[in-house]
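> Sequence first, then the predicted structure:
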Amino acid sequence: MINLLAILALLSIQSHLQSLPTFSEAAKTNVYIVYLGGKTHEDPAATKMSHHKMMFTLLGSKEAAKNSMLYSYKHGFSGFAARLTESQAKEIAEFPGVVQVFPNHIHKLHTTRSWQFMGLNDHSSKNLLTTSNMGEGTIIGVLDTGVWPESESFNDRGMSPIPSRWKGICQEGQLFNSSNCNNKLIGARWFIKGLLEENQKPINSSNGDDILSARDTNGHGTHTASTAAGNFVESANYEGLAAGLARGGSPRAHLAVYKVCWSFGPGGCTDADLLKAFDKAVQDGVDVLSVSIGSSIPLFSYAERRNSIAIGSFHAIAKGITVACSAGNDGPIAMTVENTAPWIITVAATTIDRAFPAAITLGNNRTLWGHSVDAGIHNHGFTGITYSDRIAIDHSTDDDSAQGCDQGSLNATLAAGKIILCFSKSSKQNIQSAAISVMKAGGVGLIFAQYRNDGLVPCRYIPCIKVDYEVGTEILSYIRKARSPIAKLSIPKTVIGKWISPRVADFSARGPSSISPAVLKPDIAAPGVNILAAYKPVSNVKRSGYIFLSGTSMSCPHVAGIAALIKSVNQNWSPAAIRSALVTTASQTGTDGSNIIEEGSTRKAADPFDIGGGLVNPNKAVDPGLIYDAGIEDYVQLLCGTGFNSKSVSGLTQTSVNCTKTRLNELNLNLPSITIPNLKRKVTVTRRVTNVGPVDSVYKAKMQAPQGIKMKVEPQILSFNKTTQILPFKVTFVSTLKVYGGYRFGSLIWTDDKHIVRIPISVRAMLFEPYTDV
């Protein structure tokens, strides 16, 4: 039956494939994005026709123009993706109206209890979930690897009808048709032309790598979509762990899925496909977008057209669509944060208060503890245990391959039937590859000592337990002392509320922004470690269709789901207002009342470059008291103030902009944060706040100045009334430092005794410039 469906589906998309690029042509050309800025025509058909006319002028043939065009962007902005030679790209860049021409680029993916952890209990009558009616009527768009529509998380029980404003479709394709959509999953589209051009050869969907439709064969997109807006699912679990009621942040919100990331060829998500997805999402009518995709450093400027996520989100924001993006997974190194455009909500990842401890019992009756999610494959008895370095195939080398249990490094004769203790000293060594190595060598279990706390993954074939270096060293001491060391690995259990949380995930990318250090990134943190959510089916029938994943990819849809809840209650709020509410009400303390700690080499108290404003607090965010609002005009002034000329900015907005008159010091962008990368002696920054609480509210300022910095706020009292609901204020910073140092952190709070409106402050004093003066 499946084979028949596949044949029918392939026939149904034959006409679509005919429009895809021919690979003999692609060998002579590359895909370029011709970006024209804002739309000059309200009619999409007229916009598309203008694109074809431009290509006809370039190529001299209507047929050549049509065949060269991959996408026409005509809803959120104007532009197109086309196959061009390098000389043609240079020529069209000089055409009137062309803002910039840039080559197609490939981006990468950033890969239940969490909602209760943040206070969104579905059985409570006093939280944002119930106040917002669980996000009913809002539409969340997810740009990712597609969706597995049959997952229980996408059932439409209890869902309201599809909003009349919805203009999207359920695009058919291989193993996907219109019946796969319902009142929960109301839209699905797929975009692959850009990747096909990069692949430079025909795709083969028969090998199972991916299929030509919105169906998700990776699992990542299904996981993120269900995290943002999955419906209620009873008894969701992974091999009996974390069992309970699963749901997304906005369980009554509608979902629209845009498949832009693929496994074919080089894989990934191209600029051409991403821009088309943003363009369609704007046309379709989504309220919130969740984008767990990014590019590694070095970053393009968020105003450069080669940054497709920044430019696509700019036009989405212009239409009132809130965009949440993942911060990236290159932490804990500083300045690795991605998706740094000031109009995006950039999300870091934290742990939650749920753990999966597993006991390791040694032959001397000593019991030690690690963590595992391998619940179904444990050998319950004692068996021999050895250290991987003792059974290395080659002892003559000084590398760490055997210590980390790299594949091919272990002696199968000595490993057979034993539990193997391995020590990871490199971020490239991971527990899954070590498990395969141990299994191939005949080992029956793995204890993996690792300093990184980057979430748990199943080993699937043999039981695996992750421990830290301290526990690993104690086990190694026992192995060295015992004549015949033995150990027993126990089945992990689900434990809630016994671990201090949250902690900033080790992998979560850190600020400051490498491209725009005066714009604080990340903005906010949310759960992103060991998140249980829907997944594509796996062959093992014991698994329930739910799995644990970790990454800022998981934290991003948490914030998208919360943004949809806030939008349901405050429908007229701008994307900047929603971001402000999230940041100013976030928490900086853990479950034990102490500061949130970051999981890195130092395990220090988390600062704004780790968590932005802090851990998102949905129940407070719906009623923040004050908001730091901003609109497209603010971002335009920022671009002018950071070196972009009038032509570039006018092209972006398709409005007449004079950057000599319209400039904004980047320090004065109305963000819910203040970041000063180069304080030489004294600087004054301005902000304005909008009262969204009681009309006659009065707020007083409270300051926590960064160490070595004097702060002064003027005025120190803000009094609102019926005619004055927006008030400005100034903050002056003066350095008292005598030596150069790094960033120092503080905060500014406005309070009316009910609301606490807090923004983080980051200041770096510079005593000299440049370094050659030292």
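Cool, got the structure. Numbers count the residues shown, from 1 in each chain.

> Just the buried positions in the host helix or strand of residue 438, please.
Secondary structure here is read from DSSP states H and E; on that basis residue 438 sits in helix 431-440. Burial within helix 431-440, assessed by neighbour count using 16 or more other C-beta atoms under 10 Å, is assigned to 431, 433, 434, 435, 436, 437, 438, 439. C-betas here are computed from N, CA, C, even on glycine.

> who does that helix touch, helix- and strand-wise?
The contact analysis (3 or more C-beta pairs under 8 Å, 6 or more residues apart in numbering; DSSP states H and E) places helix 431-440 against strand 419-423, strand 445-449, strand 464-467.

> Dump those strands to JSON lines, plus distance to residue 182 and mean pLDDT.
Shown next, in JSON lines, are the helices and strands packed on helix 431-440 (distance: least, C-beta to C-beta, whole Å; pLDDT from 0 to 100):
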{"stretch": "strand 419-423", "distance to residue 182": "47", "mean pLDDT": "95"}
{"stretch": "strand 445-449", "distance to residue 182": "42", "mean pLDDT": "95"}
{"stretch": "strand 464-467", "distance to residue 182": "38", "mean pLDDT": "95"}
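
> Geometric centre of the chain: which residue is closest?
The geometric centre of the chain, computed from its C-alpha atoms, lies nearest to residue 326 (C-alpha atoms, centre = their mean), at 1.9 Å.

> Which strand residues bridge that residue?
Each beta-bridge partner of residue 326 is listed here: residue 347, as defined by DSSP bridges.

> ok, now which ones touch it?
By C-beta atoms under 8 Å, 6 or more residues apart in numbering, the contact list for residue 326 reads 110, 291-294, 338-339, 346-347, 551-553, 555-556.

> and if you look at residue 128?
Residues touching residue 128, when contacts are defined by C-beta under 8 Å, 6+ apart, comprise 120, 562, 565, 566, 569, 618, 619, 621, 622.

> hang on, the second one packs against residue 616?
Yes - at 6.2 Å, residue 562 and residue 616 qualify as touching, with contact defined as C-beta atoms under 8 Å.

> Are there residues contacting both of those two? Which ones?
When contacts are counted by C-beta under 8 Å, 6+ apart, residue 562 and residue 616 are jointly contacted by 526, 582.

> higher neighbour count, the two?
A side-by-side neighbour count of residue 562 and residue 616, using other C-beta atoms under 10 Å, places residue 562 first with 34 against 29.

> any idea which element the residue of the chain positioned farthest from its centre lies in?
For the chain, the residue at maximal distance from the C-alpha centroid (C-alpha atoms, centre = their mean) is residue 483, at 49.6 Å. Using DSSP H and E, no element contains residue 483; it sits outside every helix and strand.

> Numbering from 43 from now on, please.
Sounds good: first residue 43 from here, last item residue 525.

> What confidence value was assigned to it?
Taken from the predicted model, the pLDDT recorded for residue 525 is 93.

> Next, please give the residue ranges for the strands of the stretch 93-242 of the chain.
If you assign secondary structure with DSSP state E, counting those that start in this stretch, the strands in the stretch 93-242 of the chain sit at 111-115, 120-126, 142-145, 148-151, 181-186, 227-232.

> With respect to burial, which of the ones you listed scores highest?
strand 181-186 (a mean of 30; mean count of other C-beta atoms under 10 Å).

> that older thread, for residue 555, state which of the buried residues of helix 473-482 is nearest.
Of all these, residue 555 sits closest to residue 473, with 31.7 Å by C-beta to C-beta.

> Now list the buried members of the contacts of residue 170.
162, 604, 607, 608, 660, 661, 663, 664.

> which of these sit farthest apart?
Spatial extent of the buried ones among the contacts of residue 170 (C-beta to C-beta) is set by the pair 162 and 608 at 11.9 Å.

> Quick check: neighbours shared by these two?
Counting by C-beta under 8 Å, 6+ apart, the shared contacts of residue 162 and residue 608 are 170, 660.

> Can you give me the distance of residue 785 to residue 545?
Relative to residue 545, residue 785 is positioned 21 Å away (C-beta to C-beta, to the nearest Å).

> how far away is residue 559 from residue 349?
With distances taken as C-beta to C-beta, residue 559 is found 17 Å from residue 349.

> I should have written residue 737 there, sorry.
When C-beta to C-beta is the yardstick, residue 737 and residue 349 sit 41 Å from each other.

> So which of those two has more stuff around it?
residue 349 (24 against 11).

> ok, the residue nearest to the more buried one when sequence neighbours are not counted - contacts?
For residue 349, the nearest residue in space outside its immediate sequence neighbours is residue 342; the separation is 4.2 Å by C-beta to C-beta, 6 or more residues apart in numbering. Residues in contact with residue 342 (C-beta under 8 Å, 6+ apart) are 348, 349, 352, 557.

> same question, residue 792
Residues counted as contacts of residue 792 (C-beta under 8 Å, 6+ apart) are 667, 668, 731, 741, 742, 743, 744, 760, 799.

> who does the helix or strand containing it pair up with?
Here residue 792 sits within strand 785-793, counting by DSSP H and E. Applying DSSP bridges, strand 785-793 is found paired with strand 740-746 (antiparallel), strand 798-807 (antiparallel).

> Which residues does the first one contact?
Pointing back at strand 740-746 there. In this structure, residues lying in contact with strand 740-746 by C-beta under 8 Å, 6+ apart are 667-668, 731, 753, 755, 758-762, 771, 788-794, 797, 799, 803.

> What's the first helix or strand after that strand?
By DSSP H and E, the next helix or strand past strand 740-746 is strand 751-756.

> How far off centre is whichever helix or strand comes after that following strand?
Moving toward the C-terminus from strand 751-756, the first helix or strand encountered (DSSP H and E) is strand 759-761. A distance of 37 Å separates the centroid of the chain from that of strand 759-761, by C-alpha atoms, centre = their mean, to the nearest Å.

> From the contact counts, what lies against strand 759-761?
Counting contacts by 3+ C-beta pairs under 8 Å, 6+ apart, the secondary-structure elements packed against strand 759-761 are strand 740-746.

> follow-up on the earlier one: do you know which of the strands paired with strand 785-793 lies nearest residue 713?
Taking C-beta to C-beta, strand 798-807 is the member of these nearest to residue 713, at 8.0 Å.
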